[in-house]
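**Q** The amino acid sequence is not available; the structure is as follows:
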């Protein structure tokens, strides 16, 4: 079963310096019909104005992934993790027993555009950790790239969750197919447009996937997607 979550039906928050779209309930946006899907709890698309950002705040018992589309994020946390995250890289923070961190757009003139992802952990009370790494999504189009998984296959981050994250950039006319491990997943279009098992999707659309063996993703004009394979 495939169910579209249209871009325009997402929650919306605007603080002036921060413009966000919420696929699932988050912060001041609450919709009991959209509280997450299986281990996937948060997909936020954020735009952060130059020279602004999130001050120090705390998380615990959550697997947090950050995927930058444009601009850069300056990260610093209470356990010594720090770094500048740019497009092509993925940041993974396991909040575990608790971590405080800040995220800042250091540019004087460029808006930061990124995806914030939370996955529920399958184990509570683990030690916090921070990692960032460059992946070949932009340099290897028309291929599915594992970014985070329970077993760390193909160089992906090892995460503590019953879900995994993959990504693909499609050239015009490009196509990829993913065979699901557990038959459930979520597709989020982060750039351009794609067709998934014959369903047309645009930027910002999500697709809930239940009891499916495989998903074939095509793009006539080019697109980029995040794909979650969920137990």
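**A** Perfect, thanks for sending it. What you see is a predicted model; the values in this text were computed from it and never measured.

**Q** Tell me where the longest strand sits in this structure.
**A** Secondary structure of the chain per DSSP state E: the longest strand is strand 184-196.

**Q** In terms of secondary structure, what does whichever helix or strand comes after that one contact?
**A** The helix or strand immediately downstream of strand 184-196 is strand 199-202, counting by DSSP states H and E. Helices and strands touching strand 199-202, by 3 or more C-beta pairs under 8 Å, 6 or more residues apart in numbering; DSSP states H and E, are strand 2-5, strand 184-196. The way it works is simple: take the backbone N, C-alpha and C, and place the C-beta from them, glycine included.

**Q** list the buried ones in the lowest-mean-pLDDT helix or strand in the chain?
**A** Within the chain, no helix or strand scores below strand 53-59, which has a mean of 83 by mean pLDDT, DSSP states H and E. Under the neighbour-count criterion of 16 or more other C-beta atoms under 10 Å, strand 53-59 has 53-54, 59 buried.

**Q** ok so, going back, just give me how far the longest strand of the chain sits from the chain centre.
**A** Computed by C-alpha atoms, centre = their mean, to the nearest Å, the chain-centroid distance of strand 184-196 equals 12 Å.

**Q** swap in stretch 221-231?
**A** Distance, centroid of stretch 221-231 to centroid of chain: 9 Å (C-alpha atoms, centre = their mean).

**Q** mean confidence score for it?
**A** When pLDDT is averaged over stretch 221-231, the result is 97.

**Q** just to revisit the earlier point, quick one: mean pLDDT over the longest strand of the chain.
**A** 98.

**Q** And the protein, what are its domain boundaries?
**A** Taking automatic domain parsing as the domain assignment, the record places the domains of the chain at 10-134, 145-230.

**Q** can you tell me which of those the model trusts least?
**A** Ranked by mean pLDDT, the domains of the chain bottom out at domain 10-134, with a mean of 93.

**Q** who touches residue 223 in this structure?
**A** Contacts for residue 223 were tallied using C-beta atoms under 8 Å, 6 or more residues apart in numbering; they are 169-170, 189, 191-194, 203.

**Q** quick one: which of those is nearest residue 155?
**A** Nearest to residue 155, judged by C-beta to C-beta, of the contacts of residue 223 is residue 169 at 17.1 Å.

**Q** okay, now the residue nearest to residue 78 when sequence neighbours are not counted: neighbour count?
**A** Nearest non-adjacent residue to residue 78, counting by C-beta to C-beta, 6 or more residues apart in numbering: residue 100, 4.2 Å away. When counting by other C-beta atoms under 10 Å, one arrives at 16 neighbours for residue 100.

**Q** which secondary structure element contains the spatially most central residue of the chain?
**A** For the chain, residue 117 is the residue whose C-alpha lies nearest the centre (C-alpha atoms, centre = their mean; 4.2 Å). Taking DSSP H and E as the definition, one finds residue 117 inside strand 112-119.

**Q** Describe which strands that strand pairs with in its sheet and in which direction.
**A** Strand 112-119 has its sheet partners listed here by DSSP bridges as strand 40-48 (antiparallel), strand 63-70 (antiparallel).
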